[in-house]
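Chemist: Please work out how this folds:
(chains A, B and C)
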Amino acid sequence: MGIPIGGPRIPRVSCHVPELPEVEVLVRHLRPLLKHRRVRRVYVLRPKIVAPGSPEEFAKALRGRTFSDLDRRGKYLVFTLRSSRKPATFQLLGHLGMTGRMYLLPAGEPWPKHAAVVLQLDRDQFVFEDTRYFGRLTLDLSPLRKLGPEPLERTFSLDYFIQQLQRSSQPIKVKLLDQTLVAGVGNIYASEILFRAGVSPRLSARKLTSSQAERVWIASREVLTEAIQCGSTVPLSFGEGRRSDSFFYFGRAPGALDYYAERLFVYDRADQPCSCCGTPIRRFVQAGRSTFFCPKCQSNKRGCEPRPGSKTV
DNA sequence: CACCATGTTCCTTG
DNA sequence: CCAAGGAACATGGT
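Modeler: The predicted structure follows:
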């Protein structure tokens, strides 16, 4: 086993698209930076981002408020702000969509081309940029109500998971993307989770044996936990190498991206040999999304013995 | 130029 | 009413 077949490479998409681990890393990074910072001015450059509310009400609600906390729910960021005014505290919901980024920029730095919302703080600007404008930064918290349990918390029990799978005939890969089943798994990690579990992405959810369901449940938690530990696939800092220094992205350990890229066993590796058995990884489309898998390791017949464990490389 | 990539919401169909 | 499938959204990269 061991991964380095094909050498180090950077997956095309994975370093851009945030799923639960990327959001978790961002939240941990931003939380201390935002705490106690007051919003001086609000600029909404793309009204769609603050929908369904209007830019005016968004600006009015935020101006003068102070950030007090930041949490994650699924792929959402939940900002808490306070003030001495009317509602003593209220919350703001953020979602990075596919290309969203959030970071602090020193006051006076020019905004990026696709800046969607900028909050002027005392000596920094909080920037939400999003080239495709699929993201959200809004007063509307209602999307949270539809979310299923957090995969890394007790509410996501094995019993619950098995019970939910029984209710659906969709392929397990598609089911893992269902945010009402479990919140935070996206297209990249869904493939990775099933590879680790040795389960075919085509298998109908209700046809998983309890042993297979348990393996998927365990793999979900392992894959997401390790991704968080690795600093996630999103590049975390671009302080150095870019003109302005003190210029934050997310702040990552050096080399984290390359290190993580090697840990994606199947995603975006079509035609490359499986790290476990050498069989070429295959790609196909499910629910309009790419799925990557090893036809041997995930054949449901048990094939590849050495499962890629947490201690590879 | 055509097509593909991502996540969520909305619409349609069964 | 619900499950499932597909289009739309916006942009940049190949």
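Chemist: burial of residue A:77, as a residue count?
Modeler: Neighbourhood size, residue A:77 [other CB atoms under 10 Å]: 26. (C-beta placed from N, C-alpha, C; glycine too.)
Chemist: thought it was touching residue A:26?
Modeler: Yes. Residue A:77 sits in contact with residue A:26 when judged by CB atoms under 8 Å, with a separation of 7.2 Å.
Chemist: quick one: low-confidence parts of the stretch 151-300 of chain A?
Modeler: Within the stretch 151-300 of chain A, the segments meeting pLDDT under 70 span A:232-262, A:300.
Chemist: So which residues of it form helices?
Modeler: Listed in chain order, the helices of the stretch 151-300 of chain A (DSSP state H, counting those that start in this stretch) span A:158-166, A:172-176, A:187-197, A:210-229, A:256-261.
Chemist: re the thing from before, what residues do residue A:77 and residue A:26 have in common as contacts?
Modeler: The contact sets of residue A:77 and residue A:26 overlap at A:96, A:102 (CB atoms under 8 Å, 6 or more residues apart in numbering).
Chemist: who touches whatever residue of the stretch 101-250 of chain A ends up closest to DNA strand B in this structure?
Modeler: Relative to DNA strand B, the nearest point of the stretch 101-250 of chain A is residue A:186 (2.6 Å; CB to the nearest atom of the strand). Residue A:186 makes contact with A:17, A:18, A:19, A:20, A:75, A:177, according to CB under 8 Å, 6+ apart.
Chemist: Tell me which of the helices of the stretch 151-300 of chain A sits most buried.
Modeler: helix A:187-197 (a mean of 26; mean count of other CB atoms under 10 Å).
Chemist: wait, which of the helices of the stretch 151-300 of chain A is closest to residue A:293?
Modeler: helix A:187-197 (6.3 Å; CB to CB).
Chemist: what residues does the closest one touch?
Modeler: Contacts for helix A:187-197 (CB under 8 Å, 6+ apart): A:13-14, A:17, A:19-21, A:172-173, A:176-177, A:185, A:200-201, A:212, A:215-216, A:218-220, A:222-224, A:227, A:233, A:264-267, A:289-294, A:297-298, A:307-308.
Chemist: for stretch A:206-226, same thing?
Modeler: For stretch A:206-226, contacts defined as CB under 8 Å, 6+ apart pick out A:20-21, A:151-152, A:156, A:158, A:161-162, A:165-169, A:172, A:176, A:182, A:184-185, A:189, A:192-194, A:196-199, A:203, A:263, A:300, A:310.
Chemist: out of those, which touch DNA strand C?
Modeler: Among the contacts of stretch A:206-226, the residues within reach of DNA strand C (CB under 7 Å from any atom of the strand) are A:167, A:168, A:169.
Chemist: Output the residues you listed in a markdown table, with distance to DNA strand B and neighbour count appended to each entry.
Modeler: Formatted as a markdown table, these follow (distance: CB to the nearest atom of the strand, whole Å; neighbours: other CB atoms under 10 Å):
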| residue | distance to DNA strand B | neighbour count |
| --- | --- | --- |
| A:167 | 14 | 11 |
| A:168 | 13 | 15 |
| A:169 | 12 | 9 |
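Chemist: Up against DNA strand B, what does chain A have?
Modeler: Residues of chain A lying near DNA strand B (CB under 7 Å from any atom of the strand): A:13, A:17, A:19, A:74-75, A:95, A:97-99, A:132, A:134, A:143, A:146, A:177, A:179, A:186-188, A:285, A:288-290.
Chemist: Please spell out the PyMOL selection for the buried subset of these.
Modeler: To isolate the buried subset of those in PyMOL, counting by 16 or more other CB atoms under 10 Å, use the following:
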select buried, chain A and resi 17+19+74+75+95+97+98+99+177+179+186+187+188
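Chemist: Restricted to strands, list the residues of chain A next to DNA strand B.
Modeler: Here DSSP state E is the test, and those give A:95, A:285, A:289, A:290 as lying in strands.
Chemist: Now for these: which two are most distant?
Modeler: A:95 and A:285 (24.4 Å).
Chemist: How much space separates residue A:269 from DNA strand C?
Modeler: 16 Å (CB to the nearest atom of the strand, to the nearest Å).
Chemist: so how many other residues sit close to that residue?
Modeler: Neighbours of residue A:269 using other CB under 10 Å come to 23.
Chemist: And the one 3 residues further on, by the same measure?
Modeler: The burial metric for residue A:272, expressed as a neighbour count using other CB under 10 Å, is 16.
Chemist: Let me see the contact set for the nearest residue to residue A:171 once chain neighbours are set aside.
Modeler: Using CB to CB, 6 or more residues apart in numbering and skipping residues adjacent in sequence, the residue nearest residue A:171 is residue A:202, 5.3 Å away. Contacts for residue A:202 (CB under 8 Å, 6+ apart) come out as A:171, A:172, A:173, A:286.
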